[in-house]
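Q: Okay, structure incoming, though there's no sequence with it:
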């Protein structure tokens, strides 16, 4: 005979926090592994495909699962919403810097210098495309969160009737 133990809410929250930190640690280690394999060891994509797939599956699962349960991860106070655009631009800039350093270290002999027009054009295209891509990803995640929130509100409204 199983006993249904009532769990203390603090214990449940602490367990959730530990699991969340563990997930963040795993994603961080996977990201570090991809960075090292790409930029330091100069390995081809096939060498770190496993890490990319694991990260993509984990992020997709959490995004889809939280949206179906109605948890909106983008439901921040107004001052946090103001940081989304600068944060998107900062991430695009970071991607551009890392890509530019790698590009110049691999193909620097093909450029006349850092101020070469072709090199600057590549940096410009990288910045614009990565910033737009990050913005689209944030927009999609926001839309999924809003969909889940509306679904939860509808479910709660139907239960109240």
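A: Alright, I've got the coordinates. Everything numeric here is computed off the predicted structure, so don't read it as measured data. Residues are numbered from 1 along each chain as shown.
Q: And the next helix or strand past the helix or strand of the chain with the lowest mean pLDDT?
A: Ranked by mean pLDDT, DSSP states H and E, the weakest helix or strand in the chain is helix 78-81, scoring a mean of 61. Scanning forward in sequence from helix 78-81 by DSSP states H and E, the next helix or strand is helix 84-107.
Q: and that next one, what other elements does it pack with?
A: helix 117-160 (3 or more Cβ pairs under 8 Å, 6 or more residues apart in numbering; DSSP states H and E). In this view, the C-beta of every residue, glycine as well, is placed from N, C-alpha and C.
Q: pLDDT of the helix it packs on, averaged?
A: If you average the pLDDT over helix 117-160, you get 84.
Q: so it versus helix 84-107, what angle?
A: Helix 117-160 and helix 84-107 meet at an angle of 140 degrees, taking axes from the mean of the first three to the mean of the last three Cα atoms, to 10 degrees as the criterion.
Q: Could you list every helix and strand in contact with helix 117-160?
A: Secondary-structure packing of helix 117-160 (3+ Cβ pairs under 8 Å, 6+ apart): helix 49-69, helix 84-107.
Q: That one: how far from the chain's middle?
A: 10 Å (Cα atoms, centre = their mean, to the nearest Å).
Q: Contacts for stretch 105-112 next, please.
A: Stretch 105-112 is contacted by residues 104, 118, 119 when judged by Cβ atoms under 8 Å, 6 or more residues apart in numbering.
Q: Would you check that the last one makes contact with residue 103?
A: Yes. Using Cβ atoms under 8 Å as the test, residue 119 is close enough to residue 103 to be in contact (7.3 Å).
Q: one step back: dump the helices and strands packed on helix 117-160 into JSON lines; add mean pLDDT as well.
A: Output for the helices and strands packed on helix 117-160, formatted as JSON lines (pLDDT from 0 to 100):
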{"stretch": "helix 49-69", "mean pLDDT": "82"}
{"stretch": "helix 84-107", "mean pLDDT": "88"}
